[in-house]
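# how would this look folded up:
(one chain, ligands or ions: 1)
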Amino acid sequence: MANIKYPPYERHVFICLNERPAGNPRGDCKSKGAEKVLERFKKLVDEKGLKPRIRAQKSGCLDTCELGVSVVVYPEAVWYAKVTEADVDEIVESHLMRGVPVERLRMHPSIPRDSSKILPAGGA
Ligand code: FES
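Here you go, the predicted structure:
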């Protein structure tokens, strides 16, 4: 415990992998390709040497099912909607590495209001 820094991650990415029975009116992220999105995040975080500063992991339902695949990045609390595997490289390179959220994918573009306060990975 002595050598572990808390919080352990500069950025923590949650990708909803929830699954519902076919025909559920809310739908679910798993049927919209969430597994591919998660795999791509994990691969890029590894390949780009972002471990252990940045972690991407699956989550349960984030309650924005209609907008899935749902992804949220903390500590900024930037939520992304309808994320596909093809969007992941841009989120990793822009948001996770440079601290610049991908505006075209955000659920609530005004939050946080001042994105200039978002720091690049490494805090520089
Ligand atoms: S099923 Fe993904 S947000 Fe609910």
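
# Quick check: residues of this protein near the ligand?
Of all the residues in the chain, those in contact range of the ligand (Cβ under 6 Å from any ligand atom) are 16, 18, 28-29, 61-65, 68, 70. Quick note: C-beta positions are derived from backbone N, CA and C, even for glycine.

# Name the member of the residues you listed with the most neighbours.
Cys29 (30 neighbours; other Cβ atoms under 10 Å).

# How about that one, nearest residue that isn't a chain neighbour?
Gly68 (3.7 Å; Cβ to Cβ, 6 or more residues apart in numbering).

# Would you mark the buried spots in the longest helix along the chain?
Counting residues, the longest helix found in the chain (DSSP state H) is helix 34-47. Residues of helix 34-47 classed as buried by neighbour count (16 or more other Cβ atoms under 10 Å): 34-35, 37-38, 40-42, 44-45.

# nearest to the ligand, of these?
Using Cβ to the nearest ligand atom, Ala34 is the member of the buried residues of helix 34-47 that lies nearest the ligand, at 7.1 Å.

# and the angle for the very next helix or strand once past the longest helix of the chain with helix 34-47?
Using DSSP states H and E, the next helix or strand after helix 34-47 towards the C-terminus is strand 54-59. Relative orientation of strand 54-59 versus helix 34-47 (axes from the mean of the first three to the mean of the last three Cα atoms, to 10 degrees): 160 degrees.
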